[in-house]
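>>> Return a 3D structure for these sequence lines:
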Amino acid sequence: METPMMYELRRPKNVEPEKSYPALFVLHGIGSNEQNMLSLVEGLEETFFIFSIRGHLPQPPGFAYFTIQGYGKPHREVFDEGVNRLSNFIDYASEQYPVDPSRFYLLGFSQGAILSMTLGLTLENKIKGIVALSGYIPQFVKEEYTIQPDGHLSVFVSHGEFDQVLPFDWGIANAEYFKSLGVPNTFKTYPEGHTVSPENLRDFQQWLMKDVQK
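Okay, here's the model as predicted:
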């Protein structure tokens, strides 16, 4: 089966035969690439098969998964295509690697966080956990997509208090939305801008390692 997207793979040094591993799908921000996210998951490869996925759209100096028509408003058709491509990639990884379909996680920053939350909310029982760093959920996703989070979904949401790209209030709205759906969520804030601080990195990695053991 041909891969639907370019990606970088990290996995345990000694993969045990007949064992299936949790999978972590990593999504970068606009203008970035799959390599730039690897520092955020360093050390997790001994637990997870990590798929850092490159956006399919050129966006110098890197790539993107969708385009923007206005502030907080993705182009709907392009966004839908990105969601479909990523969903197909998750299916591809399920078929090609020894991963446990009951322990799939999504980790995204900015544009990657937007898609991680969208996929986690719409793929029914495929996703166990979401780490959403500085993103938002588009209004059309809430209103027009079929929202069907599985009962075992849990979420880590974080946002910088001084985020100059995506307002801090949007991070608060993310946490409130998941709460309204009955989805367990951890919401962390940091005195930072649109970035991932060392404290944020530590907190979400600890959350992942704890959640994957449940």
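>>> remind me, longest helix of the chain?
Counting residues, the longest helix found in the chain (DSSP state H) is helix 76-96.
>>> what about that one, distance to the chain center?
A distance of 13 Å separates the C-alpha centroid of helix 76-96 from that of its chain, computed with CA atoms, centre = their mean, to the nearest Å.
>>> Buried ones in that helix, by neighbour count?
Within helix 76-96, the residues that qualify as buried by neighbour count (16 or more other CB atoms under 10 Å) are Val78, Phe79, Gly82, Val83, Arg85, Leu86, Phe89, Ile90, Tyr92, Ala93. Where you see a C-beta, it was placed from the backbone N, CA and C, and this is true even at glycine.
>>> Within its sheet, name the partner strands of the lowest-mean-pLDDT helix or strand in the chain and how each one runs.
Counting by mean pLDDT, DSSP states H and E, the weakest-scoring helix or strand in the chain turns out to be strand 68-70, with a mean of 91. Paired neighbours of strand 68-70 in the sheet (DSSP bridges): strand 73-74 (antiparallel).
>>> I would like the residues contacting the top strand by length along the chain, please.
With residue count as the measure and DSSP state E as the assignment, the chain has strand 99-109 as its longest strand. The set of residues external to strand 99-109 that reach it, using CB atoms under 8 Å, 6 or more residues apart in numbering, is 20-29, 32, 37, 40-41, 48-49, 90, 93-94, 114-117, 119-120, 126-135, 196, 204, 208, 211-212.
>>> No further questions, thank you.
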